[in-house]
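Q: Sharing a sequence plus its predicted fold:
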Amino acid sequence: MTTPPGDGLLFDVARLPTPVERLLLLAGQYVRHNDTLDRHLREGSPAEPDVHVASAQHLAAATRSAIQAVIDERLFESHELSDAVVRLQQVAFLSGASSDHRLAMARTLTALAPEAATDCADTIAREMRRRRGNTPDPPQRPLTAAQHTALWEIACGNVVATSSLGRHYVHYRRERVLIGTLRSLEATGLAERLPKSAPSAYIGGPLQDRVHLTSAGTTALAAALSHPPAAKALGAAPAPVPAAAKASARKI
């Protein structure tokens, strides 16, 4: 993610993330924040009841910065774009407000932030496609449908991994994510597991491994949102699935 050195420069200049990438990165930060609050809540009252304050305030500022990055793009005004900006403003407000509450309420106020940021990233990508030449180059290695779905679910904070009796499992909330797909994303450096970072599935159970996008995974998903397959454009979010299919697991 670097650009060639400019004239006279003896070093590479890092490429600034696009607004779409910034929103996906922001979603990942909210996932980490929420996981931390969940672990504290499962452990009981922490020694420092305000342990979440600095993180919440940082996320509020990061969300406002992402909004400004979107505004700086000077995209054509549309209802979709306006709604996305308003939704991000709500996320920033709720994140800031959460710093004034105890952990349980603070966790509630940021609960939907990862999916909100990811949905807005998709909206911004679609708006940017309307402006010719305002999107990055198409990915050299397009994602498969399964990989795209998995990266989307990971960005929303919907995927964790566990192991039991020598067997490995992947748990998802909405769209199905196979263990084989997760392993392929890990092998290509698009996803990674953060051991014991997600709360347990039940009280007293072991911590789970949250799956996150890597920097390369963020870039790949942003590129896929900016250049969807011509035959079937991907929407703002995967299609809803029956409630019975939620929170299921795939076993190898």
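A: Great, that's in hand. Numbering: from 1, shown residues only.

Q: Distance of the spatially most central residue of the chain relative to L103?
A: Geometric centre of the chain, nearest residue: A155, 2.8 Å, by CA atoms, centre = their mean. To L103, A155 is 25 Å away according to CB to CB, to the nearest Å. Bear in mind the C-beta positions are built from the backbone N, C-alpha and C, glycine included.

Q: how close does Q89 get to A97?
A: 12 Å.

Q: cool, V85 as well?
A: Applying CB to CB, the value for V85 to A97 is 19 Å.

Q: Also A111?
A: 13 Å.

Q: cool, and R22?
A: 22 Å.

Q: In terms of neighbours, single out the busier of the two.
A: Between R22 and A97, R22 has the larger neighbour count (other CB atoms under 10 Å), namely 23 against 15.

Q: Quick check, that one in contact with A66.
A: Yes - using CB atoms under 8 Å, R22 is in contact with A66, at 4.8 Å.

Q: Is the residue nearest to L88 when sequence neighbours are not counted within a helix or a strand, and which one?
A: Leaving aside its chain neighbours, L88 sits nearest to I67 (5.0 Å; criterion: CB to CB, 6 or more residues apart in numbering). Element membership for I67 (DSSP states H and E) is helix 53-72.

Q: in that helix, what's buried?
A: S55, A56, L59, A60, A62, T63, R64, A66, I67, A69, V70 (16 or more other CB atoms under 10 Å).

Q: contacting residues for the fourth one?
A: Going by CB atoms under 8 Å, 6 or more residues apart in numbering, A60 touches A92, F93, S95, G96, S99.

Q: Can you tell me how far it is from L213?
A: Counting by CB to CB, the gap from A60 to L213 is 22 Å.

Q: try the second one
A: Separation of A56 from L213 (CB to CB) stands at 22 Å.

Q: ok, which stretches of the stretch 51-200 of the chain are strands?
A: Taking DSSP state E, counting those that start in this stretch as the test, the strands found in the stretch 51-200 of the chain are 159-164, 167-172, 191-198.

Q: Many thanks, we can stop here.
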